[in-house]
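Trainee: From the sequence below, what's the structure:
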Amino acid sequence: MQATIEETQTSATPFVDRRQGRAEGQAPRERRQFQDSREAGRPEVNELAAAVDLYKVSNHRRFITFEELYDVMISLGYHK
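Mentor: This next block holds a predicted model:
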C-alpha cells in the first residue's frame with residue numbers, strides 16, 4: 001500500500017536551510033578572494049590584497065569588477 005502525501009510529509013525530516021551555514025546570532029562568514037595567497041613575499045601585493053578584501057567586506061561583494069579593482073588601486077595611490 002502506498003503512503004499518502006500527508007503521511008510522507010509528516011514522517012519526513014524537517015527542512016534545514018544549509019545556505020546560511022551559521023548558527024543563530026553568529027556573524028556571517030567573510031569570503032576573501034586572496035585568502036590563500038596573502039603572503040606572496042611582496043609587501044605591495046599584500047597591501048593590494050588587504051585593500052581588495054576590505055572593499056569586498058565593506059561593500060558586501062563576493063567578486064569585484066575590473067572597475068572596482070581599479071578604484072581600489074587608485075585609493076592606494078596608484079597613478080598611470
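
Trainee: Which other helices and strands does the longest helix along the chain contact?
Mentor: The longest helix of the chain (DSSP state H) is helix 43-58. Counting by 3 or more Cβ pairs under 8 Å, 6 or more residues apart in numbering; DSSP states H and E, the packing neighbours recorded for helix 43-58 are helix 66-75. Where you see a C-beta, it was placed from the backbone N, CA and C, and this is true even at glycine.

Trainee: Can you spell out which helices and strands pack onto the helix it packs on?
Mentor: Partner elements for helix 66-75 (3+ Cβ pairs under 8 Å, 6+ apart): helix 43-58.

Trainee: What residues sit buried inside the helix it packs on?
Mentor: Of all the residues in helix 43-58, those buried under the rule 16 or more other Cβ atoms under 10 Å are 48, 49, 52, 53, 55, 56.

Trainee: ok, so of those, who is nearest residue 76?
Mentor: Each of these was checked against residue 76 using Cβ to Cβ; the closest is residue 48, at 6.7 Å.

Trainee: hang on, the closest one packs against residue 73?
Mentor: Yes - taking Cβ atoms under 8 Å as the definition, residue 48 is a contact partner of residue 73 at 7.0 Å.

Trainee: neighbours around residue 62, how many?
Mentor: When neighbours are counted by other Cβ atoms under 10 Å, residue 62 registers 9.
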